[in-house]
Each structure stands twice: as structure tokens, then as C-alpha cells.
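Let's see this in three dimensions:
(chains A and B)
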There are 2 protein chains.
Amino acid sequence: MSLFLQLVSVPEAIAGIRNLAIKCGDESVPLSEALHRILARDVHADVDIPGFTRSVVDGYAVRAADTTGSGDAIPSILNLRGRVAMGASSNHYIKSGDCIYVPTGGILPEGADAVVMIEHAEQLGEEVLVKKPAAHGENVLLFNEDFSSGEVVCNKGRRLSSQDIGVLAAAGCIDVPVVKIPRVGIISTGNELVQVSQKPMPGQVRDVNSYVVASFVREQGCRPVLYGIVRDDREALRSAISHATAECDAVMISGGSSKDDRDMVAAIMQELGEVLIHGIAISPGKPTIIGRCGTVPVIGLPGHPASAFIVLIAIVRHLLTAMTGEKGSSIRILQATLGQNVSSSKGREDYVRVAVRNGVATPLFGKSGLLNTLVRSTGVIRVPAESEGLETGTQVEVMVW
Amino acid sequence: MSLFLQLVSVPEAIAGIRNLAIKCGDESVPLSEALHRILARDVHADVDIPGFTRSVVDGYAVRAADTTGSGDAIPSILNLRGRVAMGASSNHYIKSGDCIYVPTGGILPEGADAVVMIEHAEQLGEEVLVKKPAAHGENVLLFNEDFSSGEVVCNKGRRLSSQDIGVLAAAGCIDVPVVKIPRVGIISTGNELVQVSQKPMPGQVRDVNSYVVASFVREQGCRPVLYGIVRDDREALRSAISHATAECDAVMISGGSSKDDRDMVAAIMQELGEVLIHGIAISPGKPTIIGRCGTVPVIGLPGHPASAFIVLIAIVRHLLTAMTGEKGSSIRILQATLGQNVSSSKGREDYVRVAVRNGVATPLFGKSGLLNTLVRSTGVIRVPAESEGLETGTQVEVMVW
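Have a look, this model is predicted:
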């Protein structure tokens, strides 16, 4: 009996796959290795940032009120009282009528409340002519204006960007609490598969999926563990799945392209654990299996690489983000205007490849099994299950590859 | 005399920095390590893809003409002549009135030109009732429909994505010609700097730039080489720059926050090579230096991390892409509608941080030296030098962090 009679919707599949996720543990890594890792705890500033009121330009620290009304013709004339050294605390004090030279990043002396840029001043011996009024607070960054000591500078669940790394550095976070990298086992099945290094004979195809799935897993911040090609043999497949689930935090089995093979994968999963979903109302990607062996999530992906890739983007990434606790989308969304009508079957969610240029998303029609449209496209748009298609001019969200 | 009198425009700075680039050499890496590397040569398919006409569903290979007019009430009745095995060549031949079972991915037998899905057929002993007509070519992927043998599957200069890796696998490219990873030396200068592990005293700040620049460089696919903090001492700085330029393909010196320090950096670069640009009409980031020591490009970045980051995004990435030969933008662009007026000074290119939500870019006003707006923003928009600002509702391109 075909299990395909119980297709589940994409939202149900996503909810089901997220339910399988067990949150990964935490570890600490040096700040220099934390880029793109997922922050495991909120990080707080250990100091005020900046720790002192500082100049953001090269110029003269002044009392702003002393410069009121100054201009090229009638400059304010101030007495130069010295120079702030970089990296040193300041024991200077500015009283009305005084100024002190301060380099960019230097500490603002007591009594001063603004800095006049050197471009707007002229030094004549011990006097400085100010030719443009400075407003209170001008050209200074105030004590703890950026972050206060104890304030959260970076939230847990964030995938750390270059700027985040900068903020963590400023906050003194030299050992960063991050989520452990999930290990994802990858198995390719099918008697038709040969190694990529081999030339396929008639009826054979290269094992593209091991590479596509591993690359996707790596892009999502996980570590792929390859178990190679397994023939369509029940014992061999059972052994490979047992092996992979013992060593990994999740396992992806691609292939079992035909119904018989898929049923074999599902039967083994049922023996070792549980099949929750067998068949999703998605195109391409319908013959997807979601289950677990022991507590380890196991996903049966379609055999064709182009279909498998859609399932990775649309469904599997939700498993991985649930495992790492990543907040926000792990893929990029681009707003665009649909450049051509797209028709679709009601009752299934269609993923249509589009090329985006100047804000216009042009569908790349053609068989979903083609790899060339996968490479030529910018990403995919989603045609919801309840829709029979999308009209030209519709605003669409492109999930960018 | 201030060199700032010769500010160059951003396009001039980009042209100048690209001119300094020396193209990196090539190397070969295993396909499993090629993700995100830059392809050094066009890669051609070594076989036809697919290598045989194959079914994309589980079903019955037929002559489409035999199914014309079939339906639930009056099915076409065909003789079942066997079954195609996965991974094997087919010695079957279909004549009119025949059909053969073929699993997904199986070879289409000679004589057949379409596949009827099992859902639309019913097997009764040696006969198959077809209940829906199949069109010529339906449910099959044709011989070399995806790529022909010898065809370029991936162009040189491409940063390899997961799908690209898949296409290279299908094309048998197990050793991938890629551009060598450029080594980028990073020096932080300034008497005010302390290690990130230290608590800064009044007047001191942590060395955030080493981390920000290293992370940015890594994100751009290059390898950061850290030379640490160098004091504002001519001999120490000269020695560090000589050292770094001898070992790296490019060098970034951040800091020398004050004019005096910047002039020292420029003077040393002039001794060891040439200063081409000292000051760019960009905000933030004006005090940027572009030059070379020997043949190695050397960039003097502003001392403040927030300014340095803008210069990395706006200017320096063009150097790195010219070194690797990467085609296309190495950063993401998002189209958005400006949610608020932005004013700007004519004659300089302003980079304004924005938060994008639902296609609307809201400027995050505030001092350019703040790190918190860098982290809270989605990216920056560019206000061109010839413009005095942008009005609410303008379509803008957001350079996404």
C-alpha cells in the first residue's frame, strides 16, 4: 500500500522535523575562531564602552560656549594649554577661554564639552583661532554612549558576524560561549550510483548528493560526516544507518530513488525507531521521509540532487536551526516582483527557481530534475499550497541559494 | 601640510586599489574542500548529463501514442514486458502496445518515449491499465538535456556554492582548480590600544580592529595573519610593515588614529614603496591610506572599528576580489524603500546604516563611531557624492553586512 496517500503539508513537515531536534550542547572557543558560530549565551559588556569621553577627530577640546558666533572674519581666540597624549589619562582641566589639542581617540579633558576640528582652527603660537562654532557634544563620543558595563552586547542564538566579533572584542569576551557544531551523517543509497571519480556506464549516475548535502550542511554551520554509497541491500543499509546514528547528531539518507527502495529505507527506520512522515505535499521533493532512529533525527531525501536540494532548503534547515538554537533565518530572503505568471497545483507547495535581476524575479521553467537551472537561478520562490499560481507583478520572497 | 587637501572620490579610490592587485596563483583542491573557493578555470562536463534518457518517476515506460484518449472509464490496456533494474543498461525494446515498469532514475527502454506514473495505472497480471494519457517526453529527463559532454558547467571566477559543488560532482571534477587563498597581514597601531583580554584604563581602548579586520578578511575568503598591536614608534612600525609585506599578499594597518600617526604610517609606506591615496571623500572613513610596499598592497584603515568596517566594505573588498578574480559582487545587495529622509554633504559619499524590515530601510542615525548601530543594522546605504541627501520613498540598495 502506498504511504503516499498520507502526504503532509510543508508547515506540518517543518513542525514535525523541529520536534525531532535535540538542542546541541555548548562549548567555549577563542574569539578568533568564533566567526559564524552560534552564540550559546547572552554576552554582557565587562566595561563601559567607551570607558571615557573621547574625541572622534583631531582638534581642540573647548567649552562650546566659548566658540559661539565665531567665523572666518571674527574668530574666537583661545589659549592653548597643552596636548592630550594617546592612551594616557588626562590631568588637564579646561576653563573658559582655554583649549587643548586632542588627537582622534584621545580623552576629552575635564571642563571641555566639544572638539573643534583642526580644519576649522588656526594655531598662532600659544593662541588658537577658532573659525566655526562648536555645539555642545560635537565631535565627541561620550562615556558609555555605546554600551554600559553589564549591558547585553550580543544575544544568544545569534550567528556571529564580523561586526559581532568586533563588539565581543570591545566587551572583553575573549572566550566565546557557542553551540557545539552538530555532526550530520550523510549516506547515499542506490544501485545506480558510482563514485564521482568514475565515469558512469549506461544506467549509472555519479553520487552527486554526498557532495551537495555535505556542502549544504557545512554552509548551515554543521559538520558533515560521509558514509559513502550504500547499495540497495537491506542489511548493508541497516548497518550504515545504525553506524551513522550512533556517531552523529542527525543523519541524511539520500536516494532510494524508487518507491521500493524508499519503502526499504522507511522500513529500516521503523525497525530502528519511528517514521513520522513519509511524503510531503511539496514539489519537487514529495518522496521525503522524516523519522528518528533512537533519538537521532533521520531524514530520507529524494534521490535526485535537484529535488534533494529543495528539501534541504525548505525543510531540513529548520531541523538544523532547531538543533543549534539559531535565531532568525539561516537563509537570505530577497524581495522581488514576479516577472511572469507561475501556475501551480492546488494542494501542494511548489518551489520554483527564479533568476533575479533589478528586482524582477523571472521563473526558470523546465524540469525540476535539471541541475543547470539550479546553478543559473538566484533562488526559489514558494507557491503556497492553497494557491493555483502567482500572477505577474506579485511581490514575492526569493529564498536565495 | 595636510595631505587631506587631495581627497579622492570613492570610484577613484576603488580604481586605485584594484590597480594594486596582483592576481593570486592557482592550486588544486579535492572537491570536498572546494566550497566557497573561487574557481580558477572554466570546468567542462566530462560526460553527457544525464548519460541516458531516464525516468523521473516510478511508472510504466510506454509509447505515448498508445495512451491517447485513455481515462478512468476507458483505460488503455498495455502488455507488461518486464522491469528495468536500477543501475543497469536496458536491453528491452518497447513496441506499440507494450509497457515496462521503470523505477525513478531508471533507464528508459528503447522504443518508449514517455512514462505513466504508477498512480495513473493499474497492473492486472501481465496487463497494465493506463488511466491517463501521457504526452511525448512526459516524466523523462533526456540524454544530455542538463549538460552535454564538453560543455562548460561552471565558469571561472565563481565563488563555489553548494549547488556548484553538485554540478562539479556530476561533471566528474574531483580535483578542483581554485585560486590560492590570499594571505592578508593585519597590524593594529596606537599607544591607546590594549589586548582584548585586558581591562582598558582611562585613555585606553581594546584592540577591536584586529578581530574585525580578521573576520572580514575570512568572510571574503582570505586568510588573516595577525601581527598584533604595534606602538606608535617609527622603527617598530617600519619593522612590522616590512615583516608583514614580506609574508603576505596584502597588508591592512588599522589605526594611527591621529593625524600625526597617520602621517607616520604614510611616511613609512613612502619609504618602503609608494603612497597613492591619502584621504577619501567618504564618511565615515576619510583618513584612509592606499599604497604599496614593494609590490604588496598596503591599506591604512581608520583607527575606529566602525569607520574601518565601512572602508572594508566600500573599498577594500574590491582589492580582495581583484586579487582572487572573483566575478560578481562579494557582498549581498538588498533592494529596499527608504523609510526616512537622509541628509548628506555634497562632495563626499556617505554610508548610512539602516535596519531593513518588510522591504523598508530605516536609517539608524547617531554617531558613526558607535558599534551598537553596526550590530543593530542590516547594512548600509550609499548616498552618492553628487547628492545632498535621499528622500523618503527612494528605492535604495542596501549593502548587507
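
In the stretch 51-200 of chain A, what residue spans correspond to strands?
Under the criterion DSSP state E, counting those that start in this stretch, strands of the stretch 51-200 of chain A are mapped to A:54-55, A:59-62, A:76-83, A:98-102, A:114-117, A:121-124, A:127-130, A:140-141, A:152-154, A:175-179, A:183-189, A:193-194.

Would you confirm that A:Val102 contacts A:Pro109?
Yes: the pair A:Val102 and A:Pro109 passes the contact test of C-beta atoms under 8 Å, sitting 7.3 Å apart. Yep, even glycine has a C-beta here, placed from its N, CA and C like the rest.

returning to that earlier point: I'd like the strands of the stretch 51-200 of chain A as a markdown table, with mean neighbour count, distance to A:Ala308 and mean pLDDT appended.
Formatted as a markdown table, the strands of the stretch 51-200 of chain A follow (neighbours: other C-beta atoms under 10 Å in any protein chain shown; distance: least, C-beta to C-beta, whole Å; pLDDT from 0 to 100):
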| stretch | mean neighbour count | distance to A:Ala308 | mean pLDDT |
| --- | --- | --- | --- |
| strand A:54-55 | 27 | 54 | 94 |
| strand A:59-62 | 30 | 61 | 97 |
| strand A:76-83 | 17 | 66 | 96 |
| strand A:98-102 | 26 | 61 | 97 |
| strand A:114-117 | 24 | 59 | 96 |
| strand A:121-124 | 15 | 66 | 96 |
| strand A:127-130 | 19 | 69 | 97 |
| strand A:140-141 | 24 | 51 | 96 |
| strand A:152-154 | 20 | 34 | 97 |
| strand A:175-179 | 20 | 25 | 98 |
| strand A:183-189 | 25 | 10 | 97 |
| strand A:193-194 | 22 | 13 | 96 |
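
Out of the ones you listed, the one nearest B:Thr362 is which?
strand A:152-154 (21.2 Å; C-beta to C-beta).

partners of the closest one in the sheet?
Its sheet considered, strand A:152-154 pairs with strand A:43-44 (antiparallel) by DSSP bridges.

Tally up the residues packed near A:Glu151, please.
The local packing of A:Glu151 (other C-beta atoms under 10 Å in any protein chain shown) involves 14 other residues.

could you measure it against A:Gly51, distance?
From A:Glu151 across to A:Gly51, the span is 14 Å (C-beta to C-beta, to the nearest Å).

can you pull out the strands in the stretch 301-401 of chain A?
Under the criterion DSSP E, counting those that start in this stretch, strands of the stretch 301-401 of chain A are mapped to A:332-338, A:342-343, A:349-357, A:360-363, A:379-383, A:389-390, A:395-400.

So for B:Ser89, which of those strands sits nearest?
The nearest among the strands of the stretch 301-401 of chain A, by C-beta to C-beta, is strand A:349-357 at 31.4 Å.

Partner strands of that closest one and their direction?
strand A:282-283 (parallel), strand A:360-363 (antiparallel), strand A:379-383 (antiparallel).

How about it, which residues are buried there?
Buried residues in strand A:349-357, counted by 16 or more other C-beta atoms under 10 Å in any protein chain shown: A:Glu349, A:Asp350, A:Tyr351, A:Val352, A:Arg353, A:Val354, A:Ala355, A:Val356.

for stretch A:44-64, same thing?
Within stretch A:44-64, the residues that count as buried by 16+ other C-beta under 10 Å are A:44-45, A:47-64.

same thing with stretch A:208-225?
In stretch A:208-225, counting by 16+ other C-beta under 10 Å, buried: A:208-222, A:224-225.

does chain B sit close to stretch A:94-111?
Yes: under the criterion of C-beta under 8 Å from any C-beta of the partner chain, chain B is reached by stretch A:94-111 at A:Pro103, A:Thr104, A:Gly105, A:Gly106, A:Ile107.

wait, isn't A:Pro224 in contact with A:Val184?
Yes: at 5.6 Å, A:Pro224 counts as touching A:Val184 under the criterion of C-beta under 8 Å.

any residues in contact with both of these two?
Common neighbours of A:Pro224 and A:Val184, using C-beta atoms under 8 Å, 6 or more residues apart in numbering or on different chains, are A:Val217.

quick one: contacts for the residue nearest the centre of chain A?
Central residue of chain A (C-alpha atoms, centre = their mean): A:Ser330, 4.7 Å from the mean position. Applying C-beta under 8 Å, 6+ apart to A:Ser330 gives the contacts A:Arg159, A:Gln220, A:Gly221, A:Arg317, A:Leu320, A:Thr321.

Likewise for A:Gln270?
A:Gly291.
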